[in-house]
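Visitor: the following block contains a protein sequence and its predicted model.
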Amino acid sequence: MPKEIPILPEFEPGYIEVGGKIPKFQYRKSLKEELKEGNITKEESIDLFKCMLMIRNFEEMIYELRVNKGKYGNIRYLYIGATHLSIGQEAVPTGGISVIKKDDYITSTHRGHGDAIAKSYFGLKDMSEEELIAFIENNREIASFLGYEWKNKDRNTLYQYALDIELFKAIGELFGKEWGACKGRGGSMHIADFSVGHLGANAIVGGSMGIAVGSAMASRYMEDGRVTLCFIGDGAMNTGIAHEAINMACMSQFTNGLMSKRFGVPVIFMVMNNQYGESGQQRGEVTGIDYIAERGFAYSKNGMNAEIVNAMNVLAVRDAVKRAVEKARKGEGPILLEFWGYRFMGHSLSDTLEKPEDGTYRTYDELQAWKKYDPLELYAKELIDAEVLTPEEIENLKKEYRQRNENIAAKVIESPNPDPKDMTKYVFKEDSIDSFVPEKFRNVTVLKEPKFKDRDPDVEINYKEAIIEALYQEMKRDGRVLMWGEDIADYGGSFGETKGLLEIFGRDRIFNTAISEAAIVGAGVGAAMRGLRPIVEIMYIDFILIAMDQIANQAAKMRYMSGGQAEIPLTIITTIGGGKGYAGQHSQSIESILTHFPGLKVVAPSDAYDAKGLLIASIRDKNPVIYIEHQNLLQDPLLLSLSKRKVPKEDYIVPIGKADIKRKAKNYDKSVTVVSWSAMIYAVLKAAEELEKEGIELEVVDLRSLYPLDIDTIIDSVKRTGRFAVVTQAVEFMSLSSEIITQLYQKASSFLVRPPIRIGAPFCPPPASPVLEKAYLPNDKRIIEEIKKLF
């Protein structure tokens, strides 16, 4: 944190040479010139000032509530949420969002209040009178609470009402209110408002970058002409997801003719370089470059049309983003814009610099130098010089917007709090299976029909064949179903589970990505939020750990954090395994980790019938589903044979959340309920055959769905048998087996004649040695030994 290297404001025009020229601070016009040239109207120029005032007052409210111990104007409220303020940065969201349409999208950051307010301000501004009425009608509780009567009102009044509603929702979210933008579930760092195209702020630094790319990929695929602005900070540009997401957005196959349409992904990376990633200084300390924009040439030959822009000049921001949007709509994306500016407050309000001796990672003199470039004051001078507003009108607007914020905040405090009884509301989308396909996505044209289309339904097919058939039928049935991942196109997947699909659908529907697990999933989240039904593949479940932020913090939580706004019909296919000598990073069975995150469904079929039915159910589900295959069921000749079933040619659904009894006990005099899933079912079934010879009956329950967990089927079986065991390839400690036994004890302990047992792997990573691996994995012999201990 080098105070020895001051970062002072400097906006001299020029170029950065990095494999090509990157323009720097080229904008030199005044508002007077822009008005004269017809590049902006008088109303638009005033809107820029009003929007920045709205942002500034919103954030000053947070500051005052904290430092004044709950006092703000005439109100009293003890605010306890996050305090990541963007005071000093108002020109970037204002100038950027002022030149996009209401139907365009943004993603945002933990410092994203300004982004949310600007998207509301200009999104509503772009609505027709009918759309404003519909917006108010959709928020009638708030409108009525504010005392607004919206019938027979002129458009400006409707706009002001709608803007007050949006301000109410934003403050309400910070205050944890039921009528907050996200029903109080998201708070300051997770504000989202899909009604104006705001896909959500993100508390994970860089977390929204994959989502933004996925949103833009959806626009590219659907050809809807929409762009996505990805607001991020300089700190985010040093994260792994930044590299993965930008690289994915820049993939050559989007523009070089491999896909049917040559069109670059319409995403604009809006990098707010406020010089510090919390306290790490971007220039001179934590990177080896002077400008983030220099990295553009690392990802594309045109340098991503990168540009460095004065973040303290709202007109400069507006000009740069306007040009970038035009390029993106023409297919010249992605684009990288770096906004060079400063935050006047610390990372949070615990980070103060009110006097010289407060300096830790930056100096008081540095802060004062940047405050001379306050974007509101600079632009107020522009408005006065251009004779758009008088100094008196400027001051009146400042007072008006301060009072507006105070008035709305006072009403928010009086509004309802969420009911704790609804704590878990919005975790999942209920009635989640969606079989409806919009007209434009029906009747998909294929390049060739597969041979298996005419197969005999009375002839059994194996696990892998069932998966390929399910993928084919869903992609043929619904044009919203796309698939991407590593090696799934020409190669057909590492286990052959996508073989032939490229020849059937072409690269617009199924395509390779780089080895970028986080971006693969993140883009899937964004595309799903935009209405597609993506399927993404993570080759081994071991690799899913690389993507866990995107799975656990994004896919799983986005619906809940947005108060039910987000719908994420995303299917993530991965594999578990063991028995091939692949050792600790290709053989784990860590599915239990995934079941711990509210918002995810997790399934693991064991045979061909379930493989097809569960995959179709997963693709049609409105929630994110992890679909777990087993490597040996895809490759091992014996298990491929054992997994064969008669499978209907037509599509069908196996319900998620319903277990299946694969073997009923013939009598219950000496019996055990054994629960397992995936490939381990076959070891259990083999053990059952052997134990039957000794008079012990196993009732074998195939869990199929790991979450939701069908504990009722397990309990019903235990009521008949009185004994219980669970068998898994996972290590026993903290595995799903522990949860199953706990629930069994809580709900049915009286039916157990002996304590239940769990049979799993020892507490170590999977070993490579054939001798060790054989001893590591449960097999039929060990299952038999352990089951006998129950008698």
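Guide: Now that the structure is in, tell me what you want to look at.

Visitor: list the buried residues of the longest helix belonging to the chain.
Guide: Secondary structure of the chain read by DSSP state H shows that its longest helix is helix 42-67. For helix 42-67, the neighbour count (16 or more other C-beta atoms under 10 Å) marks 44-45, 47-49, 51-62, 64-66 as buried. C-beta: built from backbone N, CA, C; applies to glycine.

Visitor: what mean pLDDT does it get?
Guide: Helix 42-67 shows a mean pLDDT of 96.

Visitor: I'd like to know which elements that helix is packed against.
Guide: helix 31-36, strand 71-72, helix 91-97, helix 113-125, helix 155-174, helix 314-329, helix 375-385, helix 391-414 (3 or more C-beta pairs under 8 Å, 6 or more residues apart in numbering; DSSP states H and E).

Visitor: off-centre distance for that helix?
Guide: A distance of 29 Å separates the centroid of the chain from that of helix 42-67, by C-alpha atoms, centre = their mean, to the nearest Å.

Visitor: equivalent analysis for stretch 34-44, please.
Guide: The answer for stretch 34-44 is 38 Å, by C-alpha atoms, centre = their mean.

Visitor: tell me the contacts of the residue nearest the centre of the chain?
Guide: Centroid-nearest residue in the chain, with C-alpha atoms, centre = their mean: Gln554, separated by 3.7 Å. Residues in contact with Gln554 (C-beta atoms under 8 Å, 6 or more residues apart in numbering) are 202, 204, 207-208, 210-211, 521-522, 525.

Visitor: just the ones of the residues you listed in helices?
Guide: Counting by DSSP H, those contribute 210-211, 521-522, 525 to helices.

Visitor: and the helices in the stretch 201-350 of the chain?
Guide: 209-222, 240-249, 296-299, 314-329 (DSSP state H, counting those that start in this stretch).

Visitor: ok, residues contacting the third one?
Guide: In this case it means helix 296-299. Contacts of helix 296-299 (C-beta under 8 Å, 6+ apart): 18-20, 22, 246-247, 250, 303-306, 336.

Visitor: element containing Met15?
Guide: Careful, residue 15 is Tyr; it's not Met. Assigned by DSSP states H and E, Tyr15 belongs to strand 14-17.

Visitor: name the surrounding residues that touch that strand.
Guide: Applying C-beta under 8 Å, 6+ apart, the contact partners of strand 14-17 are 21-25, 290-291, 293-294, 308.

Visitor: repeat for stretch 276-289
Guide: 1-2, 5, 7, 205, 233-236, 238, 273, 275, 290-292, 295, 343, 347, 351, 360-362.

Visitor: among those, the buried ones, what's the ChimeraX command?
Guide: Provided next is the ChimeraX selection string for whichever of those are buried by 16+ other C-beta under 10 Å:
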select :7,205,233,234,235,236,238,273,275,291,292,295,343,347,351,361,362
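
Visitor: of the contacts of helix 296-299, buried ones?
Guide: Buried among the contacts of helix 296-299 by 16+ other C-beta under 10 Å: 18, 22, 246-247, 250, 303-306, 336.

Visitor: show me which of these is closest to Ser562.
Guide: Ile246 (24.8 Å; C-beta to C-beta).

Visitor: for the buried ones among the contacts of helix 296-299, which one is nearest Ala162?
Guide: Nearest to Ala162 among those: Leu336, at 33.1 Å, using C-beta to C-beta.

Visitor: was I right to think that closest one contacts Glu294?
Guide: No. Judged on C-beta atoms under 8 Å, Leu336 makes no contact with Glu294 at a distance of 9.8 Å.

Visitor: identify the contacts common to these two.
Guide: By C-beta under 8 Å, 6+ apart, Leu336 and Glu294 have these common neighbours: Ala306.

Visitor: before we move on, back to that, pull the most distant pair out of the ones in helices among the contacts of Gln554.
Guide: Spatially, the most separated pair among the ones in helices among the contacts of Gln554 is Ile211 and Val521, at 9.8 Å (C-beta to C-beta).

Visitor: related to what we said a few turns ago, show the buried residues in the contacts of strand 14-17.
Guide: 22-25, 291, 293-294, 308.

Visitor: farthest-apart pair in these, please.
Guide: Using C-beta to C-beta, the two most remote members of those are Phe25 and Glu294, lying 14.8 Å apart.
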